[in-house]
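In: Model the structure of this input:
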Amino acid sequence: MAPYTDPATGIRYDTSNPDYQGWLTKQSAWLKDWRRRYFILKQSKLFFSKSEAAAPHGMIDLASCMTVKSAEYKAHKRNALEVSTQDTTFLMFADTEKEKDDWIGAIGRAIVRCSTTYTNDDGMEDDSEDDDA
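Out: Residues are numbered from 1 along each chain as shown. Next up, the predicted model:
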């Protein structure tokens, strides 16, 4: 798999050994038409390209995503899902319901892994100062 170079930062991302990959049809940002794209999920990044062999030409940073969920009604498409950041909602659809569910699960796990609320802390306050009594 070819690496992705972020045009804004110049950072190159390795897309080999992805966590999940496959075809989805994505709504384009400007024209709102639907385009079939090959998606590569690796860690907290979701890359997309025109084919399996092509270098990715776009990336969604899942660290800035708030939700991934089913979106048939919003997209007016079967097997649709949405990935939402504060600024943008990305709409896409899978070929089958199983693929949609698999993508929602894989993207959801990636969002949780990079979420600031996901820590090893058990949430309990440290009450060691009470031991002085």
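In: Residues in contact with the one helix or strand residue 98 maps to: which ones?
Out: In this assignment (DSSP states H and E), residue 98 forms part of helix 97-114. The set of residues that contact helix 97-114 without belonging to it, under CB atoms under 8 Å, 6 or more residues apart in numbering, is 19-20, 22, 24, 39, 41, 43-44, 46, 62-63, 65-70, 78-81, 83, 93-94, 118. Any C-beta I mention is one placed from the backbone N, CA and C, and that applies to glycine too.
In: Buried only: go through those for me.
Out: 19-20, 22, 24, 39, 41, 44, 46, 62, 65, 68, 79-81, 83, 93-94 (16 or more other CB atoms under 10 Å).
In: so where's this protein uncertain?
Out: Counting by pLDDT under 70, the ranges of the chain that qualify are 116-133.
In: If we use 90, what do you get?
Out: 1-2, 29-30, 85-87, 113-133 (pLDDT under 90).
In: Show me the strands in it, by range?
Out: Across the chain, reading from the start of the chain, the strands by DSSP state E fall at 4-5, 12-13, 20-27, 34-42, 45-49, 58-61, 65-70, 80-85, 89-93.
In: Please identify the buried residues of the last one?
Out: Spelled out, it's strand 89-93. 90, 91, 92, 93.
In: Isn't the third one up against residue 81?
Out: Yes - if you go by CB atoms under 8 Å, residue 92 and residue 81 touch, sitting 6.0 Å apart.
In: List just the nearest of the buried residues of strand 89-93 to residue 54.
Out: Distances from residue 54 to the buried residues of strand 89-93, taken as CB to CB, are shortest for residue 92 (17.5 Å).
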